[in-house]
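Q: take this sequence and fold it.
(chains A and B)
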Amino acid sequence: KAGVTQTPRYLIKTRGQQVTLSCSPISGHRSVSWYQQTPGQGLQFLFEYFSETQRNKGNFPGRFSGRQFSNSRSEMNVSTLELGDSALYLCASSREPTSGNTIYFGEGSWLTVV
Amino acid sequence: AQRVTQPEKLLSVFKGAPVELKCNYSYSGSPELFWYVQYSRQRLQLLLRHISRESIKGFTADLNKGETSFHLKKPFAQEEDSAMYYCALKSQGNLIFGKGTKLSVKP
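A: Below you'll find the model as predicted:
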């Protein structure tokens, strides 16, 4: 079955612009989470959604937001982009957020802010 | 505070040598721990989870609650094991990652 799918794979934006990234979880998975990966900070949790509700949020400014749709697809948005937002954004999915459910990752969306 | 520490940024071994990638965690409660691997130009993928107590690609990891460790081991490293390895702790549905260890297996 298809894995976690993220679009777009690569994008370049200018400072001050906003960006929307999309994620389609594995079929049957209802929990979606987002991570930011940078060389300096490593993998950092952004937020997690389950049944269209945000369950957890990481330590990121309010410019980072997300949502989940009824079909479990998710989008994340970053407004007023800064150079430091350049990163690989990873989406992950699992059946449910409870223990015992493995989390699977997409290939990521590479965002470059210039 | 919940935290995962991987003390080695880079680990270099020769093919056929044993390898151990260290992971220590800080967590109040019963931890759920994972090892993820990221090969060059590939997605982050699950290697092991402690609740399965399985061996994948020759790797094993044992949870030691007394030492709060979850070290990853393989008796004989192969060149194809070269990759970034991340230890992760599941907390409230999301993962807390260590900074990762780059394993380089030389021929």
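Q: OK, contacts around residue 58?
A: Using chain A here. A:44-47, B:94 (Cβ atoms under 8 Å, 6 or more residues apart in numbering or on different chains). Yep, even glycine has a C-beta here, placed from its N, CA and C like the rest.
Q: that's the wrong chain, I meant chain B
A: Applying Cβ under 8 Å, 6+ apart to B:Gly58 gives the contacts B:74-76, B:78.
Q: any idea of the mean pLDDT in the helix or strand hosting B:Leu48?
A: Assigned by DSSP states H and E, B:Leu48 belongs to strand B:45-49. For strand B:45-49, the mean pLDDT works out to 90.
Q: and the next helix or strand past that strand?
A: strand B:60-61.
Q: tell me the spacing between the closest residue to chain A within chain B and B:Asp81.
A: Chain B approaches chain A most closely through B:Gly93 (2.9 Å), counting by Cβ to the nearest Cβ. Computed as Cβ to Cβ, to the nearest Å, the B:Gly93 to B:Asp81 distance reads 30 Å.
Q: how about low-confidence regions in chain A?
A: A:1 (pLDDT under 70).
Q: so who does the nearest residue to the residue of chain B closest to chain A once chain neighbours are set aside touch?
A: Spatial nearest neighbour of B:Gly93, chain neighbours left out: A:Pro97 (2.9 Å); criterion: Cβ to Cβ, 6 or more residues apart in numbering or on different chains. In this structure, A:Pro97 makes contact with A:31, A:48, A:50, A:55, B:92-94, judged by Cβ under 8 Å, 6+ apart.
Q: buried subset of those residues?
A: Buried members of the contacts of A:Pro97, counted by 16 or more other Cβ atoms under 10 Å in any protein chain shown: A:31, A:48, A:50, B:93-94.
Q: ok, which pair from the residues you listed is furthest apart?
A: Pairwise distances across the buried ones among the contacts of A:Pro97 (Cβ to Cβ) peak at 10.7 Å, for the pair A:Phe50 and B:Asn94.
Q: return the member of the contacts of A:Pro97 nearest to A:Gly16.
A: Nearest to A:Gly16 among those: A:Glu48, at 27.9 Å, using Cβ to Cβ.
Q: tell me if the closest one really is in a strand.
A: Yes. Using DSSP: H, G, I helix; E, B strand; the rest coil, the secondary structure at A:Glu48 is a strand.
Q: my read: it touches A:Arg30, true?
A: No. With contact defined as Cβ atoms under 8 Å, A:Glu48 does not count as touching A:Arg30 (11.2 Å).
Q: for chain A, which residue gets nearest to chain B?
A: For chain A, Cβ to the nearest Cβ, closest residue to chain B: A:Pro97, 2.9 Å.
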